[in-house]
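J.: my questions concern the predicted model and sequence given below.
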Amino acid sequence: MPDFVGAVDQGTTSTRFMVFDHGGNEVGRHQLEHEQILPQAGWVEHNPVEIWERTTSVIRTAMNQLNLSASDLAALGVTNQRETTVVWDRRTGRPYYNAIVWQDTRTDRIASALDRDERGKVIRQKAGLPPATYFSGGKIQWILENVDGVREAAEAGHAIFGNTDSWLLWNLTGGTDGGSHVTDVTNASRTMLMNLETLDWDDELLGFFNIPRAMLPEIRPSSDPNGYGEAAAHGPLRGAVPLTGDLGDQQAATVGQVCFAPGEAKNTYGTGNFLLLNTGTELVRSEHGLLTTVCYQFGEQAPVFALEGSIAVTGSAVQWLRDQLGIISGAAQSEALARQVEDNGGVYFVPAFSGLFAPYWRSDARGAIVGLSRYNTNAHLARATLESICYQSRDVAEAMEADSGVHLEVLKVDGGVTANSLCMQLQADILGVPVSRPVVAETTALGAAYAAGLAVGFWKNTDELRENWNESERWQPSWDEDRRAVGYAKWRKAVERTLDWVDVD
């Protein structure tokens with residue numbers, strides 16, 4: 001058995017390739033950003049060809065830096081930004097349109113129309129999701145209705161759809177030369193098109209969006225001993241490696257954080273925040289604005305489900321301070337700037353750039369900074385930005401407890417923002433529970449590697465993965481209950497100020 005497992009982590013702002021050993025330790029990585037295309041307000045796109053080129057480059061560079069060949073990898077896993085929608089021509093490999101990113105709100109009319117009648121109830125019952133701009137179904141419908149020739153190509157079987165996992169797997173396994181058109185249950189559960197009980201595409205749901213079934217990839221387990229195909233010899237690995245792991249990024253992080261028991265939860269801090277609670281093999285339907293989603297499925301085992309709170313803008317709010325306002329030169333500087341003040345000075349920032357996701361699901365909301373006075377400085381805004389990350393996570397945690405009856409005893413955290421110690425301290429203060437970060441903070445890629453490695457016997461079972469998990473740092477709450485309650489009450493007032501800003505037909 002080779003010594004390593006590889007993982008492609010195709011994210012919202014960048015693509016990385018990481019290599020892990022049997023102990024779950026990072027051996028090496030390479031990462032490249034890709035362009036954020038913003039054609040108009042509320043529209044967010046990526047170039048799928050650029051993403052594939054970046055993927056090719058990061059794999060080759062990392063393998064060369066480590067002096068590894070394809071034969072050194074036991075398996076390869078893929079994890080990806082979910083809901084981001086690609087439609088391409090299976091004959092040429094060319095996308096018909098840019099990838100429409102999960103943050104994009106152009107489908108608000110489609111989502112609103114579904115939510116006004118009985119179709120919304122059916123989607124919630126079958127797919128576990130509210131009709132929202134977030135998910136893939138409306139994005140596919142928009143491309144079919146607005147890009148010339150795609151409807152005809154789809155009816156003829158030429159135009160095919162995938163989230164970015166399917167796009168990469170198809171290209172990695174040969175593309176136009178026999179590439180596998182597949183996805184896994186976690187990604188399929190983010191489309192509004194899959195029935196959670198059958199784990200298959202649902203004809204009634206497809207009919208709501210007028211999507212031909214032939215466009216859709218085959219749904220497979222997240223860890224599949226049969227594999228999705230082999231990496232093509234002429235591809236970036238320059239040799240055949242079995243592709244056996246595929247999970248959406250937040251489910252991959254849950255696996256990487258070894259949250260395998262019901263009641264275990266993790267929060268990933270990236271472009272957005274995503275808090276997932278393992279509910280076991282039981283489908284728990286949310287009454288408080290959360291999503292019911294597939295957490296993972298390993299081989300022939302029963303699928304494991306989760307409740308998820310998805311938050312659109314957290315780490316990207318820090319990027320906004322850097323790129324649009326120019327008050328910091330890099331993400332790390334946000335912590336130093338925020339530490340210049342003892343508190344937020346009465347300022348609350350609700351970064352509803354793409355509306356509000358969980359638990360509100362309000363596409364009519366837009367960002368607001370409230371409570372400003374002449375006393376406030378850029379340091380107060382930086383601190384309010386970090387607090388907004390933590391308050392939005394508390395919104396989700398409160399909904400999760402109401403749905404499941406599970407009170408978090410500790411919050412496992414991962415992702416880029418966890419490098420900001422002030423933000424993690426604020427998270428502990430605002431939630432009132434300890435916050436724990438693992439040694440390997442890039443748990444998204446690690447989870448994809450675990451799924452791939454389990455499928456080929458590189459790791460025997462999940463108990464072996466648990467042994468790999470080690471805590472790096474823990475933050476304890478320091479606020480008293482009064483300060484926590486007052487801060488949260490003001491946050492909720494600030495959220496109210498963002499609502500009803502955009503008129504949605």
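T.: Sure, I can see it. Numbering: from 1, shown residues only.
J.: return the residues in contact with the nearest residue to Arg322 once chain neighbours are set aside.
T.: The spatial neighbour of Arg322 that comes closest, neighbours along the chain excluded (C-beta to C-beta, 6 or more residues apart in numbering), is Ile328 at 5.1 Å. For glycine as for every other residue, the C-beta is placed from the backbone atoms N, C-alpha and C. Remark: with contacts taken as C-beta atoms under 8 Å, 6 or more residues apart in numbering, Ile328 is in contact with 318, 321-322, 334, 337, 382.
J.: ok, 6 Å please
T.: The neighbours of Ile328, taking C-beta atoms under 6 Å, 6 or more residues apart in numbering as the test, are 321-322, 334, 337.
J.: ok, Glu473 next?
T.: Going by C-beta under 6 Å, 6+ apart, Glu473 touches Arg437.
J.: so for it, what pLDDT did the model give?
T.: At Glu473, the model reports a pLDDT of 94.
J.: now do the one 10 residues further on
T.: The predicted local confidence for Arg483 comes out at a pLDDT of 96.
J.: next, find the distance separating it from Ala382.
T.: Per C-beta to C-beta, to the nearest Å, Arg483 is found 20 Å from Ala382.
J.: so the two - more neighbours on which side?
T.: The residue with more neighbours, out of Arg483 and Ala382, is Ala382; 28 against 13, by other C-beta atoms under 10 Å.
J.: surely the more buried one is in contact with Gln340?
T.: No. With contact defined as C-beta atoms under 6 Å, Ala382 does not count as touching Gln340 (8.2 Å).
J.: mean confidence for the lengthiest helix in the chain?
T.: When the chain is scanned for its longest helix (criterion: DSSP state H), the result is helix 378-404. For helix 378-404, the mean per-residue pLDDT is 94.
J.: what's whichever helix or strand comes after that helix packed up against?
T.: Stepping forward along the backbone from helix 378-404, the first helix or strand reached (DSSP states H and E) is strand 411-414. The helices and strands touching strand 411-414, judged by 3 or more C-beta pairs under 6 Å, 6 or more residues apart in numbering; DSSP states H and E, are strand 265-269, strand 435-438.
J.: quick one: contacts of the following helix or strand past the last one?
T.: Per DSSP H and E, the first helix or strand lying C-terminal to strand 435-438 is helix 443-456. If you take C-beta under 6 Å, 6+ apart as the criterion, helix 443-456 is touched by 5, 7, 9, 18, 20, 74-77, 79, 222-225, 244-245, 247, 249, 252-253, 255-257, 414, 440, 459, 465.
J.: mind checking which of the residues you listed are buried?
T.: Listed as buried from the contacts of helix 443-456 are 5, 7, 9, 18, 20, 74-77, 79, 222-224, 244-245, 247, 249, 252-253, 255-257, 414, 440, 459, 465; burial here means 16 or more other C-beta atoms under 10 Å.
J.: which ones among those lie within helices?
T.: Among the buried ones among the contacts of helix 443-456, the residues falling in helices (DSSP H) are 249, 252-253, 255-256, 465.
J.: next, the residue nearest to Arg322: secondary structure please.
T.: Three-state secondary structure (criterion: DSSP: H, G, I helix; E, B strand; the rest coil) places Ile328 in coil.
J.: where do the helices sit along the stretch 151-300 of the chain?
T.: In the stretch 151-300 of the chain, the segments counted as helices under DSSP state H, counting those that start in this stretch are 164-172, 185-188, 203-209, 249-256.
J.: looking at those, which is nearest to Pro39?
T.: If you check each of the helices of the stretch 151-300 of the chain against Pro39 by C-beta to C-beta, helix 164-172 wins as the nearest, at 19.0 Å.
J.: low-confidence regions, the chain specifically.
T.: Where the chain drops to pLDDT under 70, the residues are 504-505.
J.: spit out the contact partners of Glu26.
T.: Glu26 sits next to no residue when contact means C-beta under 6 Å, 6+ apart.
J.: Ala74 versus the closest residue to Tyr296 other than its chain neighbours, what's the distance?
T.: With C-beta to C-beta, 6+ apart as the measure, Ser222 is the residue that lies nearest to Tyr296, at 4.6 Å, once sequence neighbours are left out. When C-beta to C-beta is applied, the distance between Ser222 and Ala74 equals 17 Å.
J.: before we move on, what about Thr56?
T.: Here Thr56 is placed at a distance of 21 Å from Ala74 (C-beta to C-beta).
J.: touching, Gly315 and Gly272? I think so.
T.: No. Using C-beta under 6 Å, Gly315 makes no contact with Gly272, being 7.3 Å away.
J.: quick one, which of these two is more surrounded?
T.: Comparing Gly315 with Gly272 by neighbour count (other C-beta under 10 Å), the higher total belongs to Gly272, at 26 against 22.
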